[in-house]
Structures are given as C-alpha cells and as structure tokens.
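Enquirer: Give the three-dimensional model of this entry:
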Amino acid sequence: MEVSCTAAVTDDGRRFVRLFPIPYRFLSEDKRFRKYQWIEVDVTPASDGRPESFKIRGESIQIVSEPLSTANHWQARKEYVLPLASPSLCQLKRERDANSCPTLGVFRPKSIRRLVIETAEAQWTPPQLAMLRQMDLFAKTPTEELEKIPFKFKYQFSCNDPECAGHTLSCTDWELGQSWRSWRDKYGPDNWEPQFRAKYERDMIEKFDTYFYVGTVHQHPAGWIIIGIFYPGKSPQAALFY
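Expert: Numbering: from 1, shown residues only. Next up is the predicted model:
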C-alpha cells in the first residue's frame, strides 16, 4: 500500500520498533531512506496495542548515514540483526501468546520447503482505491497510481523447535514486489517466474544464510507474516553447521 509500516532497530541495538505511517512515494528525495540506513525521526507511541509500534512525523525524517555495508557476508548488518534473533517462530509465538509481546522478531528457519506463488486480484478493491486516493494528507502527489501486484508470495518452512509442525506464512517484503515488477518488464509477463524463483526459492534455500523478519497483523493479533528477508551469503564457517 502507499502508506506502509517499516521495521527498524534502535541505534543502541537493543530492540525492534515498528514505524508508521511511511508514505514512501510521497516523500521528498532527501527523505527516501533505503534498507539498512540510519535515520533520525520524531516519533510518538502508537495506539494499535503493539508495544513496538510508533507513529512518525514524516517531515522530520533525517538520513544520517549510507546503508550499512554488505561486505564480509553482511557483517556490519549482522552486528545489529543477529543479537535480536529468536530461536524460532514457534518461540516468538509462545512469548507473544503469554505476554502480548513481542510482535516483531527475526529468526532463521531450520529448513525452507518452498516458495508458494498464488494469483491475486489484479486491481485494487474500491475501499483500497479510495485509500490510495486520499492524497490531501500529503504535500506531494505522485503522478502515477501505485500498481497492484497480482500475486501473493508465501514461504513454507519448519522451525528449529522440537514442537514445530511447519508453517506457511505470507511474505510482504517490498523487495519481492519490486523484483516482480523488474523481471516482469525484463522477461515478459509469462517468463518472469524462473528468475524470481531462482533468487527467492533456490538461492534462499541453497546459497544464502536466510533469516525471516516477522510481525503480527494489527487486525489479527495472533497472525504472523514475513515482513522482510535477511539473506547474507553463507560463510565457510557457517557452512560447517548445515
């Protein structure tokens, strides 16, 4: 959607936060931050019941660094992400059910079975379209309406937990949507899937040391989705443990 949530890590590296609304296409160029880039922003606690959630003041966004390097198997990024990793989605669910927190987390699946690609409605519903057209909230209006992705992406995987019976979670990572648009345009509407699966299925299973960022859904507090993928290349040392 035009206005989205973004998961972030505090600069002390101690916790996840959920920032919204972020009307990315409406932001001026100097405020369009990238993944793994430090920003400063004014926030207030949100009222959605999730303790990690904060509302931002979009005009206060200040980009204060270049994106963290991907060198040495993403070491600079690992220093902030991996200390926050949980043993499994099953563990996150147990903690959330017992304490109403966490509602954000990251973990490495024990195994990824496959990527599921399902067809979805190609057009926005009338309520979604009405929301997209509420432009008066923002100073700058994009010249083109946001294209809807006519597919849903899901991962089937198992946790490193003795009680895990397997999971199928929707993946809403912005990067998948952008890859679909790019490869649809490059290879055509009938030939994008092999390239897409090569990265987001084969490579996530075989090439990358894949972690899933996950979060709960506001309207369905017990439901979890994959909101992002952390995928450094497998280091020689890490390969010893597979």
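Enquirer: What separation is there between V116 and G166?
Expert: Note on V116: its distance to G166, by CB to CB, to the nearest Å, is 13 Å. Using the backbone N, CA and C atoms, a C-beta is placed for each residue, glycine as well.
Enquirer: So between the two, which is more surrounded?
Expert: Higher neighbour count among V116 and G166: V116, with 15 against 10, using other CB atoms under 10 Å.
Enquirer: so how far is P162 from the more buried one?
Expert: Between V116 and P162 the distance is 25 Å, computed by CB to CB.
Enquirer: Assign P221 to helix, strand or coil.
Expert: strand (DSSP: H, G, I helix; E, B strand; the rest coil).
Enquirer: Need the pLDDT of it.
Expert: Note on P221: pLDDT of 79.
Enquirer: Just give me the neighbour total for it.
Expert: With other CB under 10 Å as criterion, P221 counts 15.
Enquirer: Contact partners for it?
Expert: 49, 103 (CB atoms under 8 Å, 6 or more residues apart in numbering).
Enquirer: which residues are common contacts for V116 and G166?
Expert: By CB under 8 Å, 6+ apart, the residues touching both V116 and G166 are Q156.
Enquirer: quick one, what contacts the spatially closest residue to W74 that is not a sequence neighbour?
Expert: Distance criterion CB to CB, 6 or more residues apart in numbering; nearest residue to W74, sequence neighbours excluded, is P232 at 3.6 Å. Shown in contact with P232 (CB under 8 Å, 6+ apart): 70, 73-74, 77-78, 208-209.
Enquirer: Same question for F107.
Expert: Neighbours of F107 in contact, by CB under 8 Å, 6+ apart: 85-89, 91-92, 159, 211-212, 214.
Enquirer: now it: how far from I63?
Expert: 29 Å.
Enquirer: contacting residues around the lengthiest helix in the chain?
Expert: What stands out as the longest helix in the chain, according to DSSP state H, is helix 174-187. The contact list for helix 174-187 (CB under 8 Å, 6+ apart) reads 4, 35, 147, 149, 151, 153, 192, 195-196, 199-200, 228-229.
Enquirer: For these, name the two members farthest from one another.
Expert: S4 and Q195 (25.1 Å; CB to CB).
Enquirer: gap between A222 and S111?
Expert: 24 Å.
Enquirer: Likewise for V217?
Expert: V217 is 25 Å from S111, where distance means CB to CB.
Enquirer: How about D30?
Expert: Using CB to CB, D30 is found at 43 Å from S111.
Enquirer: go on, L84?
Expert: Look at L84 and S111: by CB to CB, they are 22 Å apart.
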